[in-house]
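J.: need a 3D model of the sequence below.
(one chain, ligands or ions: 2)
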Amino acid sequence: MPCFRCGARQNDPVRGASPWRRGVRADRQVLACPLCQLADGWDAELDRCARCGSVALLCRLGEIECRDCGHTREAVREDRPAEPFPVDPGLAAEVEAALARVLRRRTGV
Ligand SMILES: [Zn+2]
Ligand SMILES: [Zn+2]
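T.: Ligands and ions are numbered 1, 2, ... in the order given. Down below sits the predicted model:
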């Protein structure tokens, strides 16, 4: 499973003390890479435990379980495809500009 923020993949999964953190976002299990955890508000998009506010949630068997206090709730799963990873707007603009350049060259304008 890639990082939910940057899409990086865990290259050497270690058992136990992995620097990657698991969380739940929109009732889906996600992973956050060690680098993204350094960013301010990296967990702002994650679901939080209704009881203690922790983001240390696990999604399994249709339930969201808090690893800090043990609170569980039913996962609200909608029948819709998984959301794509958020696209970096800067990168999207760059790609668009590059495409526009190519198109201009082709049409000779
Ligand atoms: Zn990341
Ligand atoms: Zn909790």
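
J.: drop to CA atoms for contacts and neighbour counts, all remaining ones
T.: Will do.

J.: so how far is the helix or strand of the chain at the bottom of the mean pLDDT ranking from its chain's centroid?
T.: Least confident helix or strand, the chain: helix 89-107 with a mean of 80, by mean pLDDT, DSSP states H and E. The chain centre lies 27 Å from the centre of helix 89-107; the measure is Cα atoms, centre = their mean, to the nearest Å.

J.: report the buried residues of that helix.
T.: Within helix 89-107, no residue is scored as buried using 16 or more other Cα atoms under 10 Å.

J.: so which bits of the protein are right by ligand 2?
T.: Residues of the chain found near ligand 2 (Cα under 5 Å from the ion) are 49, 52, 66, 69.

J.: out of the residues you listed, which sit inside helices?
T.: Using DSSP state H, no member of the residues of the chain next to ligand 2 sits in helices.

J.: most neighbours of all those residues, which one?
T.: Neighbour counts for those (other Cα atoms under 10 Å) peak at C66, which has 24 neighbours.

J.: what's the closest non-adjacent residue to that residue?
T.: L57 (4.5 Å; Cα to Cα, 6 or more residues apart in numbering).

J.: what sits against the one you found?
T.: Going by Cα atoms under 8 Å, 6 or more residues apart in numbering, L57 touches 22-24, 47-49, 64-67.

J.: out of these, which sit inside strands?
T.: 22-24, 64-66 (DSSP state E).

J.: picking that back up, buried among the contacts of L57? Make that a PyMOL selection.
T.: Applying 16+ other Cα under 10 Å to the contacts of L57 leaves a buried subset, and the PyMOL line that selects it is:
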select buried, resi 22+23+24+47+48+49+64+65+66
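
J.: can I get the contacts of L57 in a markdown table including pLDDT?
T.: As requested, the contacts of L57 are arranged in a markdown table below (pLDDT from 0 to 100):
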| residue | pLDDT |
| --- | --- |
| R22 | 92 |
| G23 | 95 |
| V24 | 95 |
| D47 | 95 |
| R48 | 96 |
| C49 | 96 |
| I64 | 95 |
| E65 | 96 |
| C66 | 97 |
| R67 | 95 |
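
J.: return the member of the contacts of L57 nearest to ligand 1.
T.: R22 (11.8 Å; Cα to the ion).
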